[in-house]
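**Q** could you look at this predicted model? Sequence included:
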Amino acid sequence: MHGEESVDAGRAVASFDEKRAEDAIRELLFAVGEDPDRDGLRDTPGRVARAYREMFAGLHQAPEDVLTTTFDLGHDEMVLVKDIELFSCCEHHLVPFHGVAHVGYIPSVDGRITGLSKLARLVDVYAKRPQVQERLTTQVADALVRILQPRGVIVVVECEHLCMSMRGIRKPGARTVTSAVRGMLRSPATRAEAMSLILGR
Ligand SMILES: Nc1nc2c(ncn2[C@@H]2O[C@H](COP(=O)(O)OP(=O)(O)OP(=O)(O)O)[C@@H](O)[C@H]2O)c(=O)[nH]1
Ligand SMILES: [Zn+2]
């Protein structure tokens, strides 16, 4: 268990409450010493609420919603989509982290594959939630294992966390790399092949 169930179970608990989000942003503006009723800020709570609806849309989606299209192509070699740009939101500070994900898998014995764009959609399902990078990486890998039953999966995520760049320790440019490897891709030779494809930009 890698924590996915709890987050996925949580997604069904509540839908996005735009009015509540708007009230909270208005309250936050008061708390930081602003006047939410001044001209420039009047529409801000509504705008921010709508932005949050978009940024956290993944809370209300399941991987099964996006990994719908599968084909039996009989392809049994590695499929890798690399440099999938992602924007997520650090659950500790609610500021963005952004970077890329590389997602690869070796199809199931019967060659069941999915559309390439679905791998990028899957990354977004998990990125568009309050997250930590390790959990995002693990969830993408485990969803692929569960739904496509591939013989192997590799997910590598490289991100810059704005909570480390714009505040706190203030180290812009530091990149965090996380990986999750399942099945056949754990074997050194297959893993090395995947890593050389990922690193060969
Ligand atoms: N492992 C992990 N840590 C993260 C991630 N995003 C943010 N963090 C870290 O979460 C930690 C939270 O630490 P705290 O000491 O509770 O918070 P803080 O006082 O704001 O910490 P500083 O950022 O060091 O100022 C920080 O070290 C962040 O760098 C992530 O995706 N994975
Ligand atoms: Zn943070």
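**A** Sure thing, it's come through. This one's a predicted model, so the numbers in the text were calculated from it and none came from an experiment. Residues are numbered from 1 along each chain as shown. Ligands and ions are numbered 1, 2, ... in the order given.
**Q** which one is the spatially most central residue of the chain nearest to, not counting chain neighbours?
**A** For the chain, residue 127 is the residue whose C-alpha lies nearest the centre (CA atoms, centre = their mean; 2.2 Å). Distances taken as CB to CB, 6 or more residues apart in numbering put residue 88 closest to residue 127, at 4.1 Å, once the chain neighbours are dropped. To be clear about C-beta, it is placed using only N, CA and C from the backbone, and glycine gets the same treatment.
**Q** ok, that neighbour touching residue 100?
**A** No: counting by CB atoms under 8 Å, residue 88 stays clear of residue 100, with 11.6 Å between them.
**Q** shared neighbours of these two, anything?
**A** residue 159 (CB atoms under 8 Å, 6 or more residues apart in numbering).
**Q** who's more crowded, these two?
**A** Taking neighbours as other CB atoms under 10 Å, residue 88 and residue 100 compare with residue 88 leading, 26 against 16.
**Q** so who does the more buried one touch?
**A** 96-98, 127-129, 131, 133, 136, 159.
**Q** go with 6 Å
**A** Shown in contact with residue 88 (CB atoms under 6 Å, 6 or more residues apart in numbering): 97, 127, 131.
**Q** closest one of those residues to residue 150?
**A** Among the contacts of residue 88, residue 127 lies closest to residue 150 (CB to CB), at 20.8 Å.
**Q** pretty sure residue 137 belongs to a strand, no?
**A** No: Residue 137 is assigned helix when assessed by DSSP: H, G, I helix; E, B strand; the rest coil, not a strand.
**Q** need the residues of this protein near ligand 2, please.
**A** Residues of the chain lying near ligand 2 by CB under 5 Å from the ion: 90, 92-93, 163.
**Q** can I have the buried ones of those as a ChimeraX selection?
**A** Buried residues within these, by 16 or more other CB atoms under 10 Å, are selected in ChimeraX with:
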select :90,163
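**Q** secondary structure added to the residues of the chain next to ligand 2, as TSV?
**A** Shown next, in TSV, are these (three-state DSSP):
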residue	secondary structure
90	strand
92	coil
93	coil
163	helix
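**Q** and the two most separated of the residues of the chain next to ligand 2?
**A** Farthest pair in the residues of the chain next to ligand 2, by CB to CB: 92 and 163, 6.6 Å.
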